[in-house]
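S.K.: Generate a structure from the sequence data that follows.
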Amino acid sequence: MGDISQPLVSVIVPAYNAAVFIGQTLKSLLNQTYRHFEVLIIDDGSTDETATIAQNFIDQDERFRLIQQPNAGVAAARNHGIKVSQGEFIAFLDADDLWHRENIEKQVKRLVVEPESVGMVFSWSADIDQKNLWTSNIRASPYYGNIFPIMLVSNVVGNASASTIRRSCLEDIGTYNTDFVNQQAQGCEDWDLYLRISEKYQVVLVPELLVGYRQLQGSMSRNIDDMNRSKTLALKRINEQYPQVYSTVMQWCHAIDSLQLGKKYCNEGCNQQAWSAVSQAYKTDWAMTLCAFGSYSLVSQLLWQSTYHLFTQQQSANEHSMEVNAPSSAQFTLNNRFLIKRYITVFLLQLFPENLLRSLRIKWIHSQICPDRHFPQSVSLKTLLEARLSAIHNSYREFYNGCISSAHDASDHEAMQV
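M.R.: I've put the predicted structure just below:
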């Protein structure tokens, strides 16, 4: 069980028909350098081999437990895990995501030295595909401390697999809201929780890419209306408590969503829908859309794809789309032009006024809703650039290697000395 003098971490893994990836997810837990944790696998009514695969890990390691329940949604599954867990710290890992083997160690190391006013710690995430390969997209917000003003506009934590939370914090602010699934509005349950945490607590950051956040090609099946309802539900309480910022914040959020949706459509080859999403972003928030490098990058990509389809046979276009959207590891290793383009993009990002405008907006929100609290802190530009360049350098290398590889077997690794 590891050194019981160290804080117990409860890792909750909600799983619904997760047989394809859950074995790799649980192995990334088995190889954690921090040893004093329990794993609660909440099988949310799966009909595939999820439970069988989970049982294999239970047979190997007494820290793993399987809890089965009728299908009730991810929020209810996580809440059930919280209820039966015993740890001082609680972390969530979705059944298709991965943790670098030092993720728990580094998060706990930060959290144990912080006062009770710090309720949560999170790490940065790197997007991975179905083959566990980095895609060069990262979720690396530089902000920490009082992140509440920023959380109103965007979930800067990134995803549910990125955080570790004090049990006392959850006992204070409550657990996941199950109303989302009841109203067919799933998708923003974690954002809702982080809003409630950041409203009352400080949040610390481990500024490293330690979480593999799985993004699957062709995974646009979620209904857009459901996502909009989910975001509206997450911000409902904000409308009640801070009506002076609600309408403006919702407008900014819708513009961000439109650009993100446009990028997804573009990657899927749905150019007409992508153009519509970009147009909506300009109509909703023209200032930020004009200031954002991402909007110009997206428009350039759409123009290229549209022109390409005009002068190329459909079969060739499809082959090109496969090369652009799902390249192999070998292609990316050899394609120096791609890497150079990505490196240039990172530095061009610093020239656009997007960050300045975002900072001004955060200051305005801060002055309206929590002027008595400290302004959000941020890591240095150097640290952020290093993370982005690291993601580019590792594009289409296997993230999974960092989850399981070690100079010596992780099972022999002694518990971290805090």
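S.K.: Where do the helices of the stretch 101-250 of the chain begin and end?
M.R.: 103-111, 148-151, 167-173, 179-182, 189-200, 224-234, 236-241, 243-268 (DSSP state H, counting those that start in this stretch).
S.K.: now for the second one, which elements pack on it?
M.R.: For helix 148-151, the elements it packs on are helix 189-200, helix 354-369, judged by 3 or more Cβ pairs under 8 Å, 6 or more residues apart in numbering; DSSP states H and E. From N, CA and C alone the C-beta is placed, and that goes for glycine too.
S.K.: comparing the helices of the stretch 101-250 of the chain, which gets the lowest mean pLDDT score?
M.R.: Here the helices of the stretch 101-250 of the chain differ in mean pLDDT, and the lowest is helix 224-234 at a mean of 77.
S.K.: That helix vs helix 243-268, what angle?
M.R.: 150 degrees (axes from the mean of the first three to the mean of the last three Cα atoms, to 10 degrees).
S.K.: returning to what we had before: including mean neighbour count, could the helices of the stretch 101-250 of the chain go into TSV?
M.R.: Output for these, formatted as TSV (neighbours: other Cβ atoms under 10 Å):
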stretch	mean neighbour count
helix 103-111	22
helix 148-151	24
helix 167-173	16
helix 179-182	16
helix 189-200	22
helix 224-234	17
helix 236-241	14
helix 243-268	18
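S.K.: Of all the ones you listed, which one is nearest Ser297?
M.R.: Smallest distance to Ser297 across the helices of the stretch 101-250 of the chain (Cβ to Cβ): 8.8 Å, for helix 243-268.
S.K.: what element comes up after that closest one heading to the C-terminus?
M.R.: Toward the C-terminus, helix 243-268 is succeeded by helix 271-284 as the next helix or strand (DSSP states H and E).
S.K.: for stretch 27-47, the distance to its chain's centre please.
M.R.: 18 Å (Cα atoms, centre = their mean, to the nearest Å).
S.K.: Stretch 118-138 too?
M.R.: Using Cα atoms, centre = their mean, the offset of stretch 118-138 from its chain centre is 6 Å.
S.K.: For the helices and strands packed on helix 148-151, please prepare a markdown table with the additional fields distance to Leu303.
M.R.: Rendered in a markdown table, the data for those read as follows (distance: least, Cβ to Cβ, whole Å):
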| stretch | distance to Leu303 |
| --- | --- |
| helix 189-200 | 33 |
| helix 354-369 | 21 |
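S.K.: Can you say which of those is nearest to Tyr400?
M.R.: Once the helices and strands packed on helix 148-151 are compared by Cβ to Cβ, helix 189-200 is nearest, at 23.2 Å.
S.K.: Can you show me the CA trace of that closest one as PDB?
M.R.: C-alpha atoms of helix 189-200 as PDB (Å, rounded to 0.1, in the frame of the first residue of the first chain):
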ATOM      1  CA  GLU A 189     -20.100  19.200 -15.100                       C
ATOM      2  CA  ASP A 190     -16.500  19.600 -14.300                       C
ATOM      3  CA  TRP A 191     -16.500  23.300 -15.300                       C
ATOM      4  CA  ASP A 192     -19.500  23.800 -12.900                       C
ATOM      5  CA  LEU A 193     -17.500  22.100 -10.100                       C
ATOM      6  CA  TYR A 194     -14.400  24.200 -10.800                       C
ATOM      7  CA  LEU A 195     -16.500  27.400 -10.800                       C
ATOM      8  CA  ARG A 196     -17.800  26.600  -7.300                       C
ATOM      9  CA  ILE A 197     -14.300  25.700  -6.000                       C
ATOM     10  CA  SER A 198     -12.500  28.800  -7.500                       C
ATOM     11  CA  GLU A 199     -15.200  31.100  -6.100                       C
ATOM     12  CA  LYS A 200     -14.200  30.200  -2.500                       C
END
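S.K.: got the angle for that helix vs helix 354-369?
M.R.: Per the same axes, to 10 degrees, the angle that helix 189-200 makes with helix 354-369 is 60 degrees.
S.K.: Please name every helix or strand in contact with helix 189-200.
M.R.: Using 3+ Cβ pairs under 8 Å, 6+ apart: helix 189-200 touches strand 118-128, helix 148-151, helix 167-173, helix 224-234.
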